[in-house]
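Asker: below is the sequence, then the predicted model.
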Amino acid sequence: MDQDPTADIISTPDNPFTLRQVSLVDRVAASPTLLQNPNAKLDPVTERRSYLQRQDPKYLAQLKRLDSQIGKSMRPETEAVVCIPVAGIQEARNIFKTLKLYSEQTLDSKKFELIVFVNAPESQMQSKKDAYKATVVEVKRAGKTFPRLNIRLVAATLPDEQVKIGNIRKIQTDLALIRTENAGVYKDILLLSNDADCEGLNPQYLEEYLKYFREHPDKEGAVGNLLFDPQSFTRFPAVHAKTEFVNLLDKRGFINGNVNLFGANSVMKSSIYSAIGGYPSALKTGEQEWTGKTIRSLRKAKGTLGYAGDGTVLITNNRRGLSSYLEGQGRQIPFGDTSAEAKMRALDVNQFPMFDYSNPAKVEQLKAEITQILNKVINGYEEGEHLGKNSWFYRTHLEMVGIQYTIIGDPKDIHGSRIVITDMSRFIERSRRMQESIKRGETNMATVYMDSWNQGPQLPSSTKTGESQVRQKPSEQSQVELNTSPDPRRQDKIIAAIVRGDHRLVLVDKVVVSEAERALFQKGVRDGVIGSTQYLNMIKVIRTSLAYEKDPESPVSLFAKFKEATDDARRMRRIVSYVTKGNLTSHDQITAADLAFFAKRFPTALNFEQTIPTLLLAVEQANKREDRERIRLEYVSVLDKVGMTIYGSQWVYLKQARILEQQMRQGK
């Protein structure tokens with residue numbers, strides 16, 4: 001590579017230089033340590049330095065020039081670096097919102113930084129300079145608006161032939177390593193891969209990742225809970241059904257150990273990134289998938305990759321899938337198709353109206369479309385899995401989406417049978433809740449999405465709109481077992497606490513609620529304004545059973561209830577075993593400390609309620625198919641007892657809130 005004549009000119013994001021690789025490569029050099037011993041324990045400092053020494057000196061000089069744009073060293077407390085590549089001429093509309101979501105993280109801001117790499121093709125900088133500048137302005141605005149957020153803005157143009165996602169990811173991840181080295185950080189920092197078009201983020205997102213690696217020190221990489229934008233789902237429900245169903249099937253594979261990494265929500269330790277040789281710069285697409293496969297290949301095992309848990313929720317923009325859907329393509333728009341990607345990024349989903357569920361004809365058309373899509377998806381899986389279309393694998397995950405089906409023909413005959421939707425009322429109700437939440441002004445799509453799961457029992461719906469009557473099977477009920485009678489005294493306190501905005505009213509002996517307050521509460525429930533978020537704030541003021549223990553780290557009295565010699569107590573221990581040890585079989589080995597960990601993992605009754613579907617699914621999988629319905633019924637009751645034992649009055653009030661919801665929706 002010839003000497004860059006502009007190398008001595010000070011570069012800033014407003015005046016970016018062209019970062020030019022000598023050449024792009026399809027293959028990279030792995031660490032000698034890993035090549036010689038697939039089971040080697042990697043030292044992060046040794047691997048980082050070895051990796052940087054394997055890079056071209058001229059490339060490293062350009063990275064240092066890029067780092068000079070930041071003007072600040074990495075904090076010594078840093079534990080994670082979030083790498084966000086930003087297409088400079090296309091992402092001005094999205095990047096501020098993404099950074100705002102990170103400003104809401106509960107993790108101490110000193111422990112992470114965000115490397116925001118604004119890049120653009122060299123040939124387009126003159127004709128689209130204003131678009132590029134607008135993106136930089138938005139990043140700087142975020143820095144001023146959220147001063148505690150460690151935004152590390154860097155920018156460069158790239159030769160057109162080097163605008164490859166592998167190259168872009170490599171540049172900013174290598175920059176993270178250089179910053180780590182220069183700061184003298186010796187820990188194995190986490191390198192997170194995100195995108196610029198994030199639509200929602202769990203406030204505990206980063207904390208959940210850090211906790212996962214603390215609890216699983218053997219893991220070197222992990223995938224998070226990637227979900228897609230409800231804005232597109234509320235307008236194109238067929239896209240919702242397909243995307244969510246496929247996501248749930250993939251997540252089950254992740255939980256079972258078949259982990260694939262992906263760019264929008266995954267993480268690697270710096271040691272393993274360095275050891276595998278970083279990203280091949282010539283990759284046009286699938287850079288994270290490549291790293292996952294390479295880690296498994298060099299380690300000769302798949303166990304070093306994991307699923308970081310449902311708490312690592314990140315909602316990404318669904319514009320790639322939506323654009324493909326609108327264009328009638330059977331596959332997603334590939335990365336590197338410049339023309340298609342420019343059109344995709346210009347797509348504004350808000351120009352489309354929300355789906356009208358009050359139109360019976362449209363609902364029937366939607367049902368037919370979703371039926372066709374699901375048949376295609378399941379047929380595709382059956383080509384490789386041969387589970388049978390009646391398998392719990394498909395049925396359980398579609399029920400989570402909110403859809404039930406029957407099968408015409410032999411379930412084992414892939415192309416000679418087909419599924420027919422028998423009930424999609426829960427799916428429609430969830431979609432409506434998303435619509436209502438967005439209309440109320442909720443901007444964090446993670447909240448919109450998760451709230452759609454946290455609904456109470458379903459109301460009977462009119463078959464005129466294509467929604468069948470709800471059949472109260474165990475899989476369709478509220479996540480709380482409503483095996484108790486309404487308690488008017490507690491229900492009045494709930495109404496008063498929510499309507500008056502004073503959550504401590506649930507602690508008083510009695511309140512008097514007016515008819516106007518009751519009517520206001522009923523309207524709030526029916527409109528979707530009152531729900532889990534309000535209940536969470538309310539029950540937080542109620543102490544759990546753990547708060548009454550002499551030693552919360554070893555709750556002996558509480559643990560004694562789990563150690564009783566009864567079948568239900570044994571089943572309760574199995575639930576604790578699954579959460580703390582990852583299996584249902586270590587129930588006789590759990591300790592009081594395990595119970596304390598369980599209670600901290602789910603600090604409120606609502607947190608516990610939200611994980612019940614996952615726990616029930618784990619129990620079902622552990623049993624023979626013919627026994628699953630019976631076992632599920634048993635464990636619905638057992639989980640109710642777990643909730644009552646650990647959360648006490650919190651659980652009681654949450655159950656009364658769910659009963660109250662049901663009454664209000666039915667006009668009682």
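Answerer: Yep, that arrived. Everything numeric in this text was worked out from a predicted model, so none of it was measured.
Asker: list the buried ones in the helix or strand encompassing Phe213?
Answerer: Assessed by DSSP states H and E, Phe213 sits inside helix 205-215. Neighbour-count burial for helix 205-215 flags 205-213 (criterion: 16 or more other Cβ atoms under 10 Å). C-beta: built from backbone N, CA, C; applies to glycine.
Asker: going along the chain, name the strands of this protein.
Answerer: 17-18, 80-87, 112-121, 151-158, 190-193, 198-201, 221-223, 225-228, 266-269, 305-307, 313-316, 404-408, 418-423 (DSSP state E).
Asker: other SSEs contacting the first one?
Answerer: The criterion is 3 or more Cβ pairs under 8 Å, 6 or more residues apart in numbering; DSSP states H and E, and the helices and strands that strand 17-18 contacts are strand 151-158.
Asker: give me the sheet partners of the strand it packs on and which way each runs.
Answerer: Looking at strand 151-158 with DSSP bridges, its partner strands are strand 17-18 (parallel), strand 112-121 (parallel).
Asker: single out the most deeply packed of those.
Answerer: Using mean count of other Cβ atoms under 10 Å, the stretch among the strands paired with strand 151-158 with the largest mean neighbour count is strand 112-121, at a mean of 23.
Asker: spit out the contact partners of Thr304.
Answerer: Applying Cβ atoms under 8 Å, 6 or more residues apart in numbering, we find Thr304 in contact with 218-221, 272, 295-296.
Asker: so where's the protein uncertain?
Answerer: The chain contains residues with pLDDT under 70 at 1-11, 328-345, 454-483, 528-529, 668.
Asker: in it, which residue is most central in space?
Answerer: Relative to the mean C-alpha position of the chain, the nearest C-alpha, by Cα atoms, centre = their mean, is the one of Val313, at 2.2 Å.
Asker: ok, and the closest non-adjacent residue to that residue?
Answerer: Closest residue in space to Val313, ignoring its immediate chain neighbours: Asn202 at 4.1 Å, by Cβ to Cβ, 6 or more residues apart in numbering.
Asker: for that neighbour, phi and psi?
Answerer: According to degrees, to the nearest 10, the main-chain angles of Asn202 amount to phi -60, psi 130.
Asker: want to try CSV for the strands of the chain, with distance to Lys493 as columns?
Answerer: Putting the strands of the chain into CSV (distance: least, Cβ to Cβ, whole Å) gives the following:
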stretch, distance to Lys493
strand 17-18, 64
strand 80-87, 42
strand 112-121, 41
strand 151-158, 45
strand 190-193, 43
strand 198-201, 32
strand 221-223, 42
strand 225-228, 35
strand 266-269, 43
strand 305-307, 40
strand 313-316, 32
strand 404-408, 37
strand 418-423, 35
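Asker: let me know which of these is the nearest to Gln666.
Answerer: With Cβ to Cβ, the closest approach to Gln666 among the strands of the chain belongs to strand 418-423: 18.9 Å.
Asker: pairing partners for the closest one, with directions?
Answerer: For strand 418-423, the paired strands and their directions (DSSP bridges) read strand 404-408 (antiparallel).
Asker: just how off-centre is the partner strand within its chain?
Answerer: For strand 404-408, the separation from the chain centroid amounts to 29 Å (computed by Cα atoms, centre = their mean, to the nearest Å).
Asker: list the buried ones in that strand?
Answerer: Burial within strand 404-408, assessed by neighbour count using 16+ other Cβ under 10 Å, is assigned to 404-405, 407.
Asker: need the longest helix for the protein.
Answerer: The longest helix of the chain (DSSP state H) is helix 360-385.
Asker: report the buried residues of it.
Answerer: In terms of neighbour count (16+ other Cβ under 10 Å), helix 360-385 has its buried residues at 363, 366-367, 369-371, 373-375, 377-378, 381-382.
Asker: what helices or strands is it leaning on?
Answerer: Counting by 3+ Cβ pairs under 8 Å, 6+ apart, the packing neighbours recorded for helix 360-385 are helix 237-255, helix 392-401, strand 418-423.
Asker: other residues contacting the longest one?
Answerer: Looking back up the chat, that one is helix 237-255. 223, 225-228, 230, 232-234, 259-260, 306-307, 318, 321-322, 325, 355, 366, 369-370, 373-374, 377, 381, 393-394, 397-398, 400-401, 403, 427-428, 431.
Asker: between it and helix 392-401, how big is the angle?
Answerer: Computed by axes from the mean of the first three to the mean of the last three Cα atoms, to 10 degrees, the angle separating helix 237-255 from helix 392-401 equals 130 degrees.
Asker: by how many degrees do helix 237-255 and helix 360-385 diverge?
Answerer: When the same axes, to 10 degrees is applied, the directions of helix 237-255 and helix 360-385 differ by 30 degrees.
Asker: just the C-alphas of helix 237-255, formatted as CSV.
Answerer: Included here for helix 237-255 are C-alpha records, laid out as CSV according to Å, rounded to 0.1, in the frame of the first residue of the first chain:
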residue,chain,number,x,y,z
PRO,A,237,-49.4,-9.4,11.2
ALA,A,238,-48.4,-12.2,8.7
VAL,A,239,-44.8,-11.0,9.1
HIS,A,240,-45.3,-11.1,12.9
ALA,A,241,-46.6,-14.7,12.9
LYS,A,242,-43.8,-16.0,10.7
THR,A,243,-40.9,-14.0,12.3
GLU,A,244,-42.0,-14.8,15.9
PHE,A,245,-42.6,-18.5,15.2
VAL,A,246,-39.2,-19.0,13.5
ASN,A,247,-37.5,-17.0,16.3
LEU,A,248,-39.0,-19.2,19.0
LEU,A,249,-37.9,-22.4,17.2
ASP,A,250,-34.4,-21.0,16.8
LYS,A,251,-34.3,-20.0,20.5
ARG,A,252,-35.2,-23.5,21.5
GLY,A,253,-32.2,-24.7,19.5
PHE,A,254,-30.0,-22.1,21.3
ILE,A,255,-31.3,-23.3,24.7
